[in-house]
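Enquirer: When you get a sec, could you give me coordinates for this:
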Amino acid sequence: VGNRDDSNLYINMKLKAAAEIGISANHIKLPNTATEADVLKCIASLNADPAVHGFIVQLPLDSDKPINTEKITNAVAPEKDVDGLSSINAGKLSRGDLGDCFIPCTPKGCMELIRQTGVQVAGKRAVVIGRSKIVGAPMHDLLLWNNATVTTCHSKTSTLAEEVGKADILVVAAGRAEMVKGEWIKPGAIVIDCGINHVPDSTKASGKRVVGDVAYSSAKEKASFITPVPGGVGPMTVAMLMQSTVESAQRFLEKFQPGKWTIQYNQLTLKTPVPSDIEISKSCMPKPIDQVAKEVGLFPDEVELYGQTKAKVQLSVLKRLQNQPDGKYVVVTGITPTPLGEGKSTTTVGLVQALGAHLHQNVFACVRQPSQGPTFGIKGGAAGGGYCQVVPMEEFNLHLTGDIHAITAANNLVAAAIDARMFHEQTQSDQALYNRLVPSVSGVRKFSDIQIRRLQKLGINKTDPMALTKEEVNAFVRLDIDPGTITWQRVLDTNDRFLRKITIGQSVTEKGFSRTAQFDITVSSEIMAVLALADGLDDMKKRFGRMVVASSKKGQPVTADDLGVTGALAVLMKDTVKPNLMQTLEGTPVFVHAGPFANIAHGNSSVLADKIALKLVGKDGFVVTEAGFGADIGMEKFFNIKCRYSGLRPHVVVLVATVRALKMHGGGPAVTAGVPLPKEYTEENLELVAKGCSNLNKQIQNARMFGVPVVVAVNAFKTDTKAELALVVQHAKEAGAFDAVECTHWAEGGKGALALARAVQRASQAPSNFKFLYNVELPVVDKIRLIAQQVYGARDIELLPEAQEKVALYTKQGFGNLPICMAKTHLSLSHDPEQKGAPTGFVLPIRDIRASVGAGFLYPLVGTMSTMPGLPTRPCFYDIDLDPVSGEVNGLF
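Expert: Got it, this is the predicted structure:
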């Protein structure tokens, strides 16, 4: 602070020394008008910067404002206080914790000079003159803990000469010129002179010379070793500052070694019968999320806190850990489920709790963010269940950090832009449109960057708005959207069946330009799929620009870039690209990021969350992610779409199976949400289980088709019998599973998934010869046929006329080489939800094909399905309430 000549001199000496030995050093100079708050703000910034291993505050602080020096020095983080002046480092030194503190540089340099003499300090009598916090007091402590007998003297010591005469080691830091006389010194003593004083000297050009606190000429005749002034302690002080900085960097690297976690796990208190999910969640006291972040090796500046239990993680962590090897990659999928679900999320959480809290492996779960539509509709939450949950579950299931709301806003901006652009084109001339699209501002017309891109797309290589011909202006301003080809719909994160088909544009201000449209649920938006597949902000922005919203009347694709909305979408979505950090009941870390539909989209959490997690866990750790619906849908898309774009290769597939679902596939009665299970599902029936294992066998075969070892997790319910569970395990192993184990994690937490965790560990060491099912360069129809025949068991496919037209259109438009994302029912391997087990010989009807060009896939529609769910007679929200006093959420999720 300020501009003192002596301070600048000392700082320049330190900068020069740092440069000579390869330490990157910077001088932060605050003006002499700086306030205490200014200095504290600067210190806080340096404390939080992981690129800074140490810093010093040059004293005195030359400010014309009052500044508390003690407050400033204590604001420096102890682990970066390489000057050793903070009270914490001083306290550790006084207690003898020499290996866990920084020692002030001058005393440290003095000690090093004493060691260089070869004289043993232990047992010697030492005298320190001076008691300052910078030299005298720490020098006393340092000598004491090196086993010398130490006496501290000062200006009030009446027998100073007598005390000096007893010293085998004398350290003087009194600040008084030549105070200690040579005749006082014990013959053979080691003398360390820390003083810097100026005395008159007419022989010098400056009229003065520098002397120490010891009368050097007479003292050197008595001492065995003595430091000169200048040139003695001063250079050692600088050298020790450098050494402390190196030590700080070494400690930092050891503490923050990637993949080296020190994590505190939460102990579960299990109850029987198992309480409701919300009761269990509320009974858990989550760790502060910044503690979780620190435990897994994230730096403070890489974490954005959203309260105490959730945070966003900066993508910069990927650059920091780019040379760190990835951990083991595990995907959790399932057999074809009942409408009730078979516990994939619960198994995912149970597995990571077992691997982390019980086997002490570095492990991350990566899961999708749930939509509020199903949460308040029929399904409820998706945080897992029982003693295997992401917590707090109400935070997880509701707004989280607002990502889905941002997607809603971005999606609807595109929808508004489409209709507005059609309206303006229908009501204005070319020149009027051009004048409004490229207005004159202060007499200057200029194209925006996105308009330049549109011109280049049209083959118009001009940047001067006045240089365009009439034909070029027409091409530029007219998107000429064919209303019948618009595929982009408005979205809402609520189940609302009455928005499935609507009419827009009925106000008189729209001049009769109305059309039929619809609302979809937000998680079905292509923007959600883009978020899930993007590998960074730049990639996400480029994908937004490529999103096709309609075709022109000439059959050309119209993109978000053509609408001019790409940059605005990136701004709305800039924070959503950062994964959300949460934790499980047992304190293992979880990334909750993105939640694309598992039918018209690929149904997997984000690529970015997986990539960051794989770096954080280290080469021996595990990342467990979940694929939506059964293996024929979510897993197939995980492999053929997500892994294709991410470049990641899985090590293990965990296939979740239940006795209940297998009984259904074996011919059991229909399973309906909200209706009590028929007795076939609550009583032992080995015959139904055995018949239903055809579905299990097929899904094992599907996973092995991609060259990845399969571990079957038999998720046990309380109505299952030992014989039924054993039968499933036997069938799974006979079908080619690497292993199959019974799991009781819902009732027991991670402890109930220990067998599964050990099986996954063993499977991760087995050979994994991962391969894609198809080459994307194959014709669209061939890719669809391969999935239908190889994964579903179909005999062939049948493209209806509309689908045939789309194949021709998308191939012509250049989208034929995109991966395929089949949109079909999750309740059967076939297109018919009533066909259970493992049907064969059927022909799969392809009703239509649509393109998510920004996300990067074509999605054939198999049968009919809605992208806007409805509410049941008794929605889940009947059970949800808020305590107005405590503010706690009550009810079922």
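
Enquirer: make it CA atoms for all contacts and neighbour counts henceforth
Expert: Noted.

Enquirer: so how far is the helix or strand containing Leu433 from its chain's centroid?
Expert: Assigned by DSSP states H and E, Leu433 belongs to helix 430-437. On the basis of C-alpha atoms, centre = their mean, to the nearest Å, helix 430-437 is displaced by 45 Å from the centre of the chain it belongs to.

Enquirer: Start at 43, not 1
Expert: From this message on, residue numbering opens at 43, which makes the last subject helix 472-479.

Enquirer: following it, which helix or strand shows up next?
Expert: Heading C-terminal from helix 472-479, the first helix or strand you meet, by DSSP H and E, is strand 482-483.

Enquirer: Strand partners (parallel or antiparallel) of that next one?
Expert: strand 486-487 (antiparallel) (DSSP bridges).

Enquirer: Run through who's touching the following helix or strand past the partner strand.
Expert: Once the chain leaves strand 486-487, the next helix or strand it forms, by DSSP H and E, is helix 491-499. Contacts to helix 491-499, defined as C-alpha atoms under 8 Å, 6 or more residues apart in numbering, come from residues Asn503, Lys504, Thr505, Phe518, Asp603, Asp604, Gly606, Thr608.

Enquirer: Only the buried residues of helix 491-499, if you could.
Expert: Using 16 or more other C-alpha atoms under 10 Å as the burial criterion, the residues of helix 491-499 that qualify are Ile492, Gln493, Ile494, Arg495, Arg496, Leu497.

Enquirer: Kindly reformat the residues you listed as a markdown table and extend each row with distance to Trp530 and pLDDT.
Expert: Rendered in a markdown table, the data for these read as follows (distance: C-alpha to C-alpha, whole Å; pLDDT from 0 to 100):
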| residue | distance to Trp530 | pLDDT |
| --- | --- | --- |
| Ile492 | 20 | 96 |
| Gln493 | 22 | 97 |
| Ile494 | 24 | 96 |
| Arg495 | 22 | 96 |
| Arg496 | 20 | 96 |
| Leu497 | 24 | 97 |
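
Enquirer: between those residues, which is closest to Glu628?
Expert: Each of those was scored against Glu628 by C-alpha to C-alpha, and Ile492 proved nearest at 48.5 Å.

Enquirer: Report the buried residues of the biggest helix by length in the chain.
Expert: Criterion DSSP state H: the longest helix present in the chain is helix 445-469. Neighbour-count burial for helix 445-469 flags 445-457, 460-461, 463-465, 467 (criterion: 16+ other C-alpha under 10 Å).

Enquirer: hmm, who's touching that helix?
Expert: Contact partners of helix 445-469, identified using C-alpha under 8 Å, 6+ apart, comprise 413, 441, 475, 519-520, 522-523, 530-535, 552, 555, 564-565, 567, 569-570, 602, 605, 607, 611, 614-615, 617-618, 636.

Enquirer: do stretch 299-310 as well
Expert: So stretch 299-310 is contacted by 334, 337-339, 363, 366, 399, 404, 429, 627-630, 657-661, 663, 791 (C-alpha under 8 Å, 6+ apart).

Enquirer: Select from those every entry located in helices.
Expert: Taking DSSP H, the ones among these that sit in helices are Val334, Glu337, Lys657, Leu658, Val659.

Enquirer: For the last one, give its distance to Asn404.
Expert: Relative to Asn404, Val659 is positioned 5 Å away (C-alpha to C-alpha, to the nearest Å).

Enquirer: okay, the buried residues of helix 491-499 in CSV with distance to Lys352 next?
Expert: CSV is the format used below for these (distance: C-alpha to C-alpha, whole Å):
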residue, distance to Lys352
Ile492, 36
Gln493, 39
Ile494, 41
Arg495, 39
Arg496, 40
Leu497, 44
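
Enquirer: for those, which one is nearest Lys848?
Expert: Distances from Lys848 to these, taken as C-alpha to C-alpha, are shortest for Arg496 (24.9 Å).

Enquirer: Distance check, that closest one against Asp603.
Expert: Arg496 sits 7 Å away from Asp603 when distances are taken as C-alpha to C-alpha.

Enquirer: Do a quick rundown of the strands in the stretch 793-935 of the chain.
Expert: All strands of the stretch 793-935 of the chain, identified by DSSP state E, counting those that start in this stretch, fall at 838-841, 885-888, 890-894, 899-903, 923-924, 931-932.

Enquirer: Walk me through which strands the first one pairs with, and which way each runs.
Expert: Paired strands of strand 838-841, with direction, are strand 885-888 (parallel) (DSSP bridges).

Enquirer: Just the C-alpha atoms of the strand it pairs with, please, in CSV.
Expert: Provided in CSV are the C-alpha atoms of strand 885-888 (Å, rounded to 0.1, in the frame of the first residue of the first chain):
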residue,chain,number,x,y,z
VAL,A,885,-42.9,-55.5,-37.8
LEU,A,886,-42.0,-52.1,-36.1
PRO,A,887,-44.2,-49.3,-37.6
ILE,A,888,-42.4,-45.9,-38.1
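
Enquirer: Show residues contacting that strand.
Expert: Residues from elsewhere that reach strand 885-888, judged by C-alpha under 8 Å, 6+ apart: 830, 836-842, 845, 872-873, 902-905.

Enquirer: Wasn't Gln741 part of a helix?
Expert: Yes - counting by DSSP: H, G, I helix; E, B strand; the rest coil, Gln741 is located in a helix.
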